[in-house]
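> My questions are about this predicted structure, shown below with the sequence.
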Amino acid sequence: MTPVIRELTRDELPAAWQLGRLAFGGAAEPPPSALRAVPGVTRLGAFDDAGRLIGKITDLPHEHWWGGRRVPAAGVTGVAVRPESRGGGVARALLGTLLERARDRGAAVSALHPTVSDVYRAAGWEVAGVLGAVDLDTASLPRPRAGDGVALRPGSMDDLPQVTDLYEQVARVHDGLLTRRGGFFDEPQGGPSHAGVDAVTLAEVGGELTGALLFGRGSGYGPDARLEVRTLLARDVATARALVGVLAGWRTVARTVRVPLLTGDAVSAVLPLERGLDRSGSVWMHRPVDVVRAVTNRGWPAHVRGRVAFRLTDALAPWNAGAWELSIADGAGALVRAGREPDLQLDVRGFGALYCGVSTGRAAAQAGLAGGSADPAALDLLAAGAPAQLLDYF
């Protein structure tokens, strides 16, 4: 049976919520945003011959920072199939339709958090990173230094737009981070990045916002009490040290604090990461929606120059398949159809891993994602950027 896939109507959203609850568990009562249209968010349903909803998927209108430029993306979430219909290709059909529609609206890349990687690997996504966090003993955190010129003040929900602006200043110098604009991020109370927040501390230098700490208090004050940091942003090391010092001040009533990790930022430069009690995180996966846009829409390292040709295989998005030549120069990239048959082959999963800077051409070949008669190290050109990271679960 080939399911009929179409956009869900508002009247069908309660049934879609129940299907998701059946698949993943969760609260019996849906949030209001789950039962109404949200600008930019596309919810698709798969229906059998009797008109029953047997599967669903959601496309989030995300953007990612890549080389300082916004890259339109499809954030894939809420993929669920009824138990009786699993294994029959419903999820693959939903993913294929989502890719087609996402391409039509201008998306270049896609990211998701998998519950099972095999399903998404078969559809062209590949693991590109981990949404990481570390548990630290609050007593091990450094205290702020005197004379840093950082002023701290309590914040409120009214400050969230400024926090989003600050996040953008931090995020745009990394590759892969969401812009946190559009879709659910524009919902009241700051969207998903500010859920579970009990307190806000803001840092200023010369009256300008330079840092923000948003965290959940948790419960109790015994040895098991733990703070949950939702957002910890700093534009400079002095600000980072001041905000980490605020967390250190909780050592008498909260033994540990869980902090999201962003490699290479000002916060990680002052945290005692070697004393982490536990590191954990969920993997995230990536794939191109449209390889030409994925290359041309992003920024590339200004010092990188080169060309490489390869034949790309992509069974679910055939517009990506074929012989291509990639060229990078002066911070920009181009991908055009190759004039002759390339000596290298690349699977779309290998494209995603290289694009995210988490693999090399030779490593992709060892993983069965690249091949050909030439040295696959030439594909390292596609991996010229910094390793991609994410700070958001969706």
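Looks like it came in fine.

> Not including adjacent chain positions, what is the nearest residue to residue 306?
The shortest distance from residue 306 to any non-neighbouring residue, by C-beta to C-beta, 6 or more residues apart in numbering, is to residue 381 (4.6 Å). Where C-beta positions appear, they are placed from N, C-alpha and C, glycine not excepted.

> again with residue 329
residue 305 (4.7 Å).

> swap in residue 235?
Residue 235 sits nearest to residue 210 (C-beta to C-beta, 6+ apart), 4.6 Å away.

> What is the burial count for the residue nearest to residue 306?
Residue 381 has 20 neighbouring residues, counting by other C-beta atoms under 10 Å.

> Repeat that for residue 37.
The tally of other residues near residue 37 (other C-beta under 10 Å) stands at 13.

> picking that back up, doesn't residue 326 make contact with the residue nearest to residue 329?
No - taking C-beta atoms under 8 Å as the definition, residue 305 is not a contact partner of residue 326, at 11.8 Å.

> the more surrounded of the two?
Each of residue 305 and residue 326 has its neighbours counted (other C-beta under 10 Å); residue 326 has more, 23 against 13.

> Report the buried residues of the helix or strand bottoming out on mean pLDDT in the chain.
Lowest by mean pLDDT, DSSP states H and E among the helices and strands of the chain is strand 278-288, with a mean of 92. Judged by neighbour count using 16 or more other C-beta atoms under 10 Å, the buried positions of strand 278-288 are 284, 285, 286, 287, 288.

> Closest one of these to residue 112?
Checking the buried residues of strand 278-288 against residue 112 by C-beta to C-beta gives residue 285 as the nearest, at 5.4 Å.

> so how far is residue 131 from the closest one?
As for residue 285, its distance to residue 131 is 11 Å (criterion: C-beta to C-beta, to the nearest Å).

> shared neighbours, the two?
Here residue 285 and residue 131 have residue 113 as joint contacts, going by C-beta atoms under 8 Å, 6 or more residues apart in numbering.

> where in the stretch 1-150 of the chain is pLDDT low?
Flagging of the stretch 1-150 of the chain using pLDDT under 70 yields an empty set of residue ranges.

> Residue 246 reaches residue 214, doesn't it?
No - between residue 246 and residue 214 there is no contact under C-beta under 8 Å: 11.4 Å.

> When those two are compared, which one has more neighbours?
residue 214 (25 against 19).

> wait, the more buried one sits on residue 167?
No - Residue 214 is not in contact with residue 167 according to C-beta under 8 Å; the separation is 10.4 Å.

> overlap in contacts of the two?
By C-beta under 8 Å, 6+ apart, the residues touching both residue 214 and residue 167 are residue 231.

> Report the rounded mean pLDDT for stretch 253-260.
Mean pLDDT, stretch 253-260: 96.
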